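Engineer: Let's see this in three dimensions:
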Amino acid sequence: MMNCLQSWPEPVVRVQSLSESGIRAIPDRYIKPPSDRPGFENQEHVDIPVVDLKNLFSHDRTLHEETLKLISSACKEWGFFQAVNHGISHELMKRTREVWREFFNSPLEVKQEYANAPTTYEGYGSRLGVQKGAILDWSDYFFLHYLPVHLRNPSKWPSLPSSCRDLISEYGAEVVKLCGRLLKAMSISLGLKEDYLQNAFGGEDIGACLRVNFYPKCPQPDLTLGLSSHSDPGGMTLLLPDHDIAGLQVRKNGKWITVKPVPNAFIVNVGDQIQVMSNAIYKSVEHRVIVNSVKDRVSLAFFCNPQSDLLIEPAKELVSEDRPALYSPMTFDEYRLYIRTYGPRGKTQVEFSGSNR
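Structural biologist: Reported below is the predicted structural model:
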């Protein structure tokens, strides 16, 4: 299967260039089957979990435990929540998002210098998965490695705008700290030692990467998606959305719910690997992204992952006769090959691995 990851199966088309060309109808390769197309009908109001993290490590035991309960409830019932008072500078968040907007608005020849390949996905890309003839998503992206340090290669990060590399480094360092706090909170709320998930991810040498998504305006947003339905294959995702217009949808009780971003919040997604380690006590969230005909959108997805060669399996403390292990050991490298081959496909990868791991 690895041979199919050496190059893209078809010439790569930049979606932003399609959008800016003035087309009134999207090419067939972006048109989703009717069952996968977004519905824009009015939806009933649903309270999306919002967790205030200011008391997460408070000396007040009661406030601390209340925050842990909120995190636990959100991870069990939703698989995600919006985190406020997370400790990361709002100005840093804004500057990092805007420098990436500048990158995507750079001339195509500048961006093409960073064109990626499916061997690592690192760089400027426009498709996920290497299946020939696949129906594609209406988005471009930039993917880069942040941790472990030996995989980090700043020369592959954009040199323009001039502040981009410094902002990536500063932003990444702050988000990694927040990931560590959240992993500790999730471990405790599962009844595990506070460093369990961090250690299972590789201790100080966890994996971390960033995918910056660019969703261009679309002349027929009812026919396509910016990102097809999927759950994140890694451990945990911290998403910095574009607050100007909603795009993220999550699947709850068989219905798609559009998430209205809370200003200056991170959207925290449980990934498949935490679903595995928790023996499905915490569930990864199935989600997708809709597009619109009015405004381009930029979002930053920071993935906190296990080291690629570590075996991931349910915590022994969460396995019993009444609740046997639902997953057998598998490395993260083996696991993510599925989505790198087939692209996003709902939660089929974690369901498939549950029966075949």
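
Engineer: can you count the residues close to Val50?
Structural biologist: Using other CB atoms under 10 Å as the criterion, Val50 is surrounded by 13 other residues. The way it works is simple: take the backbone N, C-alpha and C, and place the C-beta from them, glycine included.

Engineer: Read off the pLDDT value for it.
Structural biologist: Val50 carries a pLDDT value of 97.

Engineer: With adjacent residues omitted, what lies nearest to it?
Structural biologist: Excluding the flanking residues, the one nearest Val50 by CB to CB, 6 or more residues apart in numbering is Gln82, at 4.7 Å.

Engineer: Give the next helix or strand downstream of the host helix or strand of Gln82.
Structural biologist: Following DSSP states H and E, one finds Gln82 within strand 80-84. Downstream of strand 80-84, the first helix or strand assigned by DSSP H and E is helix 90-104.

Engineer: Which parts of this structure are strands?
Structural biologist: 50-52, 80-84, 123-125, 140-147, 207-215, 227-230, 236-240, 248-252, 255-258, 266-270, 287-289, 297-305, 311-312, 330-331 (DSSP state E).

Engineer: returning to what we had before: centre of the chain versus the strand holding Gln82, how much separation?
Structural biologist: 14 Å (CA atoms, centre = their mean, to the nearest Å).

Engineer: Starting from it, tell me which strands it pairs with and how they run.
Structural biologist: strand 50-52 (parallel), strand 266-270 (antiparallel) (DSSP bridges).

Engineer: closest one to Leu68 among the strands of the chain?
Structural biologist: Closest approach to Leu68 among the strands of the chain is made by strand 50-52 (9.8 Å; CB to CB).

Engineer: Contacts for the closest one, please.
Structural biologist: Strand 50-52 is contacted by residues Thr67, Leu70, Ile71, Ala74, Phe81, Gln82, Ala83, Val84, Asn85, Val262, Ala265, Val268 when judged by CB atoms under 8 Å, 6 or more residues apart in numbering.

Engineer: contacting residues around the closest residue to Cys75 other than its chain neighbours?
Structural biologist: Excluding its sequence neighbours, the residue lying closest to Cys75 (CB to CB, 6+ apart) is Tyr282, at 4.1 Å. Contact analysis of Tyr282 by CB under 8 Å, 6+ apart lists Cys75, Lys76, Gly79, Met186, Leu190, Val270, Ile274, Gln275.

Engineer: farthest-separated two in these?
Structural biologist: So, these by CB to CB: farthest apart are Gly79 and Leu190, at 14.2 Å.
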